[in-house]
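Undergrad: predicted structure and sequence below. I'll ask about it afterward.
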Amino acid sequence: MKPSKVLKESDIEREVCLYAKHNEMGAYKFTSPMRAAVPDRILLSEIPEHLREIIARYIRFIEFKRPGEKPTAAQTREHLRLRAMGFTVEVIDDIAEGECVVDEMLLERGNHDNILTN
């Protein structure tokens, strides 16, 4: 009898991601150079319309750019894909603009105490 193949982590990850993609979900590789031990993937499912505003209080995708710089065509396509699923994607090219997004999220979730005023 032939011994069964021991699955590697990468085999499991690949198959689960293919299954997710087949079911119209996003399977994004998650890396965070400044933070060790983060999970391998983020699975994203389309957000029902009535929950999108609530989800945006807690999760936003941010694309940082130099002042005046625009996202590449590939980045723009990915932003559109995420937005079509109901996620909020911000393109930030200014520190104050980025801080406003953070403040907006704090306000939307009712946390007014942490907002710094200049």
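TA: Cool, got the structure.
Undergrad: from here on, contacts and neighbour counts on C-alpha atoms
TA: OK.
Undergrad: for residue 42, which non-adjacent residue is spatially closest?
TA: Leaving out its chain neighbours, the residue that sits closest to residue 42 by Cα to Cα, 6 or more residues apart in numbering is residue 28, at 5.2 Å.
Undergrad: just confirm the one you found is within a strand.
TA: Yes - the assignment for residue 28 is a strand, going by DSSP: H, G, I helix; E, B strand; the rest coil.
Undergrad: how much space between it and residue 18?
TA: Remark: distance between residue 28 and residue 18 (Cα to Cα, to the nearest Å) = 11 Å.
Undergrad: pLDDT value on the residue nearest to the spatial centre of the chain, please?
TA: Closest to where the C-alpha atoms of the chain average out (Cα atoms, centre = their mean) is residue 61, at 4.7 Å. The confidence metric pLDDT takes the value 95 at residue 61.
Undergrad: contacting residues around the closest residue to it other than its chain neighbours?
TA: Of all residues not flanking residue 61 in the chain, residue 89 sits nearest, at 4.7 Å (Cα to Cα, 6+ apart). With contact taken as Cα atoms under 8 Å, 6 or more residues apart in numbering, residue 89 is in contact with 60, 61, 62, 63, 79, 82, 83.
Undergrad: please repeat the previous calculation with a cut-off of 6 Å.
TA: Residues near residue 89 by Cα atoms under 6 Å, 6 or more residues apart in numbering: 60, 61, 62.
Undergrad: and if you look at residue 36?
TA: Residue 36 neighbours (Cα under 6 Å, 6+ apart): none.
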